[in-house]
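S.K.: Fold the stuff below for me.
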Amino acid sequence: ILQRTDTIKGLSKVSFNGLITDQNGEKDTSFNGELTLTVFDKAIERQTLDNQGLGVVMTFDTQESKLFKGKASITNGEFYIEFIAPKDLRIAYGEGKLSFYAQSDTYEKGGYNTDITVGGIDTNAPEDNQGPDIKLYMNDTSFRDGDNTDESPLFMAFIEDEHGINTSLSSVDHDITAVLDDDYQNAILLNEYFITALDDFTKGELNYRFENLSPGEHKITLTAYDNYNNSSTATLRFVVEDNTELEITELLNFPNPFSESTTFSFSHNRSNQYLDVELQVFTTYGQMVKQLNQRIFATTKTSKDIIWDGSNNSGVKVKKGIYIYRLGLTDPNTKTETEAYNKLIISN
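M.R.: Take a look at the predicted model:
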C-alpha cells in the first residue's frame, strides 16, 4: 500500500492505492491481472473445545470476521480499490488486517498488512434509508418469474446499492439469506457466495446451486442488507419439471431459406448439462445427404450450437431445393431420447 492507512470506521469510505512488487521489492510493471482484497475486523478470543475430555481448554486469538471482500484491476503493477465499511464492525478500536491475493495469466502473488486500525463510526457519513436493488434468476438471466427449471437449478442474485452490500460476519441478523418455500428455520446463509464486481464495490452477484428439488412449484425469498443495514427482499417463483421424459418443444433453423450456412435452434426441458445431438438432412425422396453429431453443454433450455454449411457428407455443396431434417436428442445421464422434424430451403 502506498499511502498511510487511516482508521477504518463504520460507514467510512476507504480507498487504497498499491503496488505489486518483484523479488527485489520494486514495482513489477509486467504484472497485469486482478487483485482480491479481504479486510478483516479485529481479532477475537476463542477457546478450544476439549473434545477429548482431558480438561484442557486453551485460549487463542483468531481474525475471522470479514468486513469486505472485493476485486480490483491491476495494470502495470498498480491497483486502486475502494469500499464503504459496514456499520456492523465492532466499535472498539483495535488492529485489523488486509489480505491481498493477486493473479495474472502466468503467476500469483499474495501479501497482507496489519498496520491498520479498525473501530468507531463515521459520524459524517451521508444519510441512507434505502435498501439494495435485487434481481433474481434461475440458471440464466432470461428466466422469468414462474418459469420451469430442472431439479438442480443454479440460483442467481444480482445485488446493487450505492453504499455497498453488507457481507460482514460480525453482524447479527444482517446477513444475505435465502429461504426456500417459507422454511425460515433452515434459511441459507449466502454471505460467502457474494462476489463484488470488478472495480465496483456497489454491486455484485451470487450463485448457489440447489440439488435434487422435488417436482412442482417452489418459491425462493432472498434478503440482503447494505452497509447501513437497510434491507431489501425479493421473491422468485419457479416450477421444477419432472424430467423423466426428454422433450424437444421447438425446432427451427435460421436463416431459412439460406445459401451459405444455417443455424439450428431447438428448445428442450434440460439445462446445465451435456446433451448428444444428431442432425440428419434428407431430400424429399428420403435420401440422407448430411449427418452431424455433436455433444453440447446446454446452459439454457434453448440451444443454438448446430451449424450446417450446406455441404453433403463428402463436402460437396448440395443442390438448391427443399430438404427435410431430423434432430435427435439424447440425455447421456438418463439415456432418454427424443426427436423432431422440420423443413429447410437451400436457395443457392
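
S.K.: Now name the helix or strand holding the nearest residue to Met156 once chain neighbours are set aside.
M.R.: Nearest non-adjacent residue to Met156, counting by CB to CB, 6 or more residues apart in numbering: Tyr137, 4.4 Å away. To be clear about C-beta, it is placed using only N, CA and C from the backbone, and glycine gets the same treatment. Taking DSSP states H and E as the criterion, Tyr137 maps to strand 133-138.

S.K.: swap in Gln291?
M.R.: strand 288-298.

S.K.: Now find how far off-centre the helix or strand following that strand is within its chain.
M.R.: Next along the chain after strand 288-298, taking DSSP H and E as the criterion, comes strand 302-308. The chain centre lies 24 Å from the centre of strand 302-308; the measure is CA atoms, centre = their mean, to the nearest Å.

S.K.: got the angle for strand 302-308 vs strand 288-298?
M.R.: Inter-element angle recorded for strand 302-308 and strand 288-298: 140 degrees (by axes from the mean of the first three to the mean of the last three CA atoms, to 10 degrees).

S.K.: how about the CA coordinates for strand 302-308, as CSV?
M.R.: These are the backbone C-alpha positions of strand 302-308, laid out as CSV (Å, rounded to 0.1, in the frame of the first residue of the first chain):
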residue,chain,number,x,y,z
THR,A,302,-32.7,-23.2,-25.9
SER,A,303,-29.7,-24.4,-27.8
LYS,A,304,-28.2,-22.8,-30.9
ASP,A,305,-24.9,-24.8,-31.3
ILE,A,306,-25.5,-26.7,-34.5
ILE,A,307,-24.4,-25.0,-37.8
TRP,A,308,-24.6,-26.5,-41.3
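
S.K.: and the closest residue to Lys203 other than its chain neighbours, bridged to which residues?
M.R.: Nearest residue to Lys203 in three dimensions, chain neighbours excluded: Glu160, at 3.8 Å (CB to CB, 6+ apart). Note on Glu160: beta-bridge partners Asp133, Lys203, judged by DSSP bridges.

S.K.: isn't Glu160 right next to Phe201, touching?
M.R.: No: at 10.5 Å, Glu160 and Phe201 do not qualify as touching, with contact defined as CB atoms under 8 Å.

S.K.: These two - which one has more neighbours?
M.R.: Just comparing Glu160 and Phe201: by other CB atoms under 10 Å the higher neighbour count belongs to Phe201, 26 against 18.

S.K.: which residues does the residue nearest to Met156 contact?
M.R.: Residues near Tyr137 by CB atoms under 8 Å, 6 or more residues apart in numbering: 143, 155-158, 236.

S.K.: picking that back up, any buried residues in the strand holding Tyr137, and which?
M.R.: 134, 136-138 (16 or more other CB atoms under 10 Å).

S.K.: Mind putting those residues into JSON lines with pLDDT and distance to Leu35?
M.R.: Shown next, in JSON lines, are those (pLDDT from 0 to 100; distance: CB to CB, whole Å):
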{"residue": "Ile134", "pLDDT": "98", "distance to Leu35": "27"}
{"residue": "Leu136", "pLDDT": "98", "distance to Leu35": "29"}
{"residue": "Tyr137", "pLDDT": "96", "distance to Leu35": "28"}
{"residue": "Met138", "pLDDT": "92", "distance to Leu35": "32"}
